[in-house]
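Chemist: just coords:
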Ligand code: SAM
Ligand code: SF4
């Protein structure tokens, strides 16, 4: 599949649920209203849709949410999708908050999941509980350790937050290094309404990088994943990524599209334009569905429209938990 600006689209992020067992303050409001179940794709529909994308040229599939591991039947979905390995699909990966990873790590590894992204914004129990509104960091640490023990490569994702974890960035990177895990720091993005003002939460990556550079010398890596991450290597042998969707323009080489848990195809996280796939998926007309996907790809934009500047925030209305991170 080729985008309007000749981007080769090989990577699909598919959200399997908008529900979550946490309520991270930058991601969703405390009283988040979840979608009626009938609007969310069933496990069978998720399988059929992902399988069609694989037939159409997607080689890397990331399942996300919401929290994918709270979705009933999720491990079964992974097992079903694993039939595409060697037949179009190269990589099946997951983004999770890790709270239920300890229970599922072994089964995920058995069905071919080799890499997992785990979101950890603090190692301090009180800070973690505050950011996630009630999360237990001990469960996440147990999940990370279980995944590593099962042979899964773990990457940590940390959203840099001005008032919550800026002081902890070196400790987090150190912790990741000790486990042989890469860590990426992410700028907070204006996605959906939350209680806090985005401008108060936002930390430029230059500040995170400055703090890490006081501890290690950071050697840039040429590794390019087709996304907004730029990686460095530390002399301790660790890899650190900086994800800067707001301050960098990475869009020309963007290789990914997203499908929400309700079957809406978004060609860019930072645009509101979408294409409904659920109607045709539910009608069973695979040819029409294929044509709709192929037609939509031709509209993949060249750049996102995000902006965070003093006293001004321009974002999109959807929460990240709906679109899938
Ligand atoms: N629940 C899983 C998790 O937390 O990893 C998967 C879904 S979550 C929406 C995916 C990623 O999006 C997480 O790393 C989270 O920190 C990030 N995220 C959520 N809202 C965000 C925002 N407004 N700006 C930047 N990152 C955000
Ligand atoms: Fe849930 Fe992930 Fe959003 Fe946190 S970031 S509320 S864990 S979906």
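Modeler: Ah, there it is. Given the structure is predicted, the values throughout are model-derived calculations rather than measurements. Numbers count the residues shown, from 1 in each chain. Ligands and ions are numbered 1, 2, ... in the order given.

Chemist: Check which residues of stretch 203-216 are buried.
Modeler: Within stretch 203-216, the residues scored as buried using 16 or more other CB atoms under 10 Å are 203, 205, 208, 209, 211, 212, 216. Any C-beta I mention is one placed from the backbone N, CA and C, and that applies to glycine too.

Chemist: name the element the fourth one belongs to?
Modeler: Using DSSP states H and E, residue 209 sits within helix 205-215.

Chemist: And the next helix or strand past that helix?
Modeler: Proceeding N to C from helix 205-215, the next assigned helix or strand is strand 218-220, under DSSP H and E.

Chemist: give me the low-pLDDT residue ranges for the stretch 1-150 of the chain?
Modeler: Applying pLDDT under 70 to the stretch 1-150 of the chain flags the ranges 3-7.

Chemist: Show me which residues of it sit near ligand 1.
Modeler: Proximity of the stretch 1-150 of the chain to ligand 1 (CB under 6 Å from any ligand atom) is limited to residues 20, 26, 27, 64, 65, 67, 95, 96, 97, 119.

Chemist: Which members of those residues are the farthest-apart pair?
Modeler: Greatest spacing in these, by CB to CB: 26 and 96 (17.1 Å).

Chemist: ok, those two, which is more surrounded?
Modeler: The neighbour count for residue 26 versus residue 96, taken as other CB atoms under 10 Å, is higher for residue 96 (25 against 22).

Chemist: which residue ranges form the strands in the stretch 1-150 of the chain?
Modeler: Along the stretch 1-150 of the chain, counting by DSSP state E, counting those that start in this stretch, strands occupy 11-15, 60-64, 91-96, 115-119.

Chemist: The first one packs against which elements?
Modeler: Pointing back at strand 11-15 there. helix 43-55, strand 60-64, strand 256-259, helix 320-323 (3 or more CB pairs under 8 Å, 6 or more residues apart in numbering; DSSP states H and E).

Chemist: Which among those is found nearest to ligand 2?
Modeler: With respect to ligand 2, and counting by CB to the nearest ligand atom, the nearest of these is helix 320-323 at 4.0 Å.

Chemist: quick one: residue 156 and residue 217, what's the gap?
Modeler: Separation of residue 156 from residue 217 (CB to CB, to the nearest Å): 21 Å.

Chemist: And the residue of the stretch 151-300 of the chain closest to ligand 2?
Modeler: Using CB to the nearest ligand atom, residue 159 is the residue of the stretch 151-300 of the chain that sits closest to ligand 2, at 7.8 Å.

Chemist: Now name the helix or strand holding that residue.
Modeler: Assigned by DSSP H and E, residue 159 belongs to strand 153-160.

Chemist: Which residue ranges of the stretch 201-325 of the chain form helices?
Modeler: Using DSSP state H, counting those that start in this stretch, the helices assigned to the stretch 201-325 of the chain run over residues 205-215, 278-283, 286-297, 320-323.

Chemist: no, scratch that, I was asking about the stretch 51-200 of the chain
Modeler: Under DSSP H, counting those that start in this stretch, the stretch 51-200 of the chain gives helices at 74-81, 101-110, 125-132, 137-149, 169-178, 198-201.

Chemist: Which positions in the stretch 151-300 of the chain make contact with ligand 1?
Modeler: When proximity is defined by CB under 6 Å from any ligand atom, the stretch 151-300 of the chain lies next to ligand 1 at 157, 159, 186, 188, 189, 191.

Chemist: what about 8 Å?
Modeler: Within the stretch 151-300 of the chain, the positions near ligand 1 by CB under 8 Å from any ligand atom are 157-159, 186-192, 194, 198, 245.

Chemist: ok, back up a step: please produce CSV containing the helices of the stretch 201-325 of the chain, extended by distance to residue 232 and mean pLDDT.
Modeler: Putting these into CSV (distance: least, CB to CB, whole Å; pLDDT from 0 to 100) gives the following:
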stretch, distance to residue 232, mean pLDDT
helix 205-215, 8, 96
helix 278-283, 41, 98
helix 286-297, 33, 93
helix 320-323, 25, 67
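
Chemist: Contact residues of this protein facing ligand 2?
Modeler: 20-24, 26-28, 32, 65-67, 95, 97, 99, 119, 132, 135, 159, 319-321, 325.

Chemist: Go ahead and build a ChimeraX selection from the buried members of these.
Modeler: Filtering the residues of the chain next to ligand 2 down to the buried ones (16+ other CB under 10 Å) takes a single ChimeraX command:
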select :20,22,23,24,26,27,28,32,65,66,67,95,97,99,119,132,135,159,319,320,321,325
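
Chemist: Let me see the contact set for residue 49.
Modeler: Residue 49 makes contacts with 14, 41, 259, 263, 277, 281, as judged by CB atoms under 8 Å, 6 or more residues apart in numbering.

Chemist: picking that back up, compare neighbour counts for residue 156 and residue 217 and give me the winner.
Modeler: Counted by other CB under 10 Å, residue 156 and residue 217 do not tie: residue 156 has more neighbours, with 25 against 11.

Chemist: so the more buried one bridges to which residues?
Modeler: Listed by DSSP bridges, the beta-bridge partners for residue 156 are residue 118, residue 183.

Chemist: so who does it touch?
Modeler: Residues near residue 156 by CB under 8 Å, 6+ apart: 117, 118, 119, 120, 144, 172, 176, 181, 182, 183, 184.
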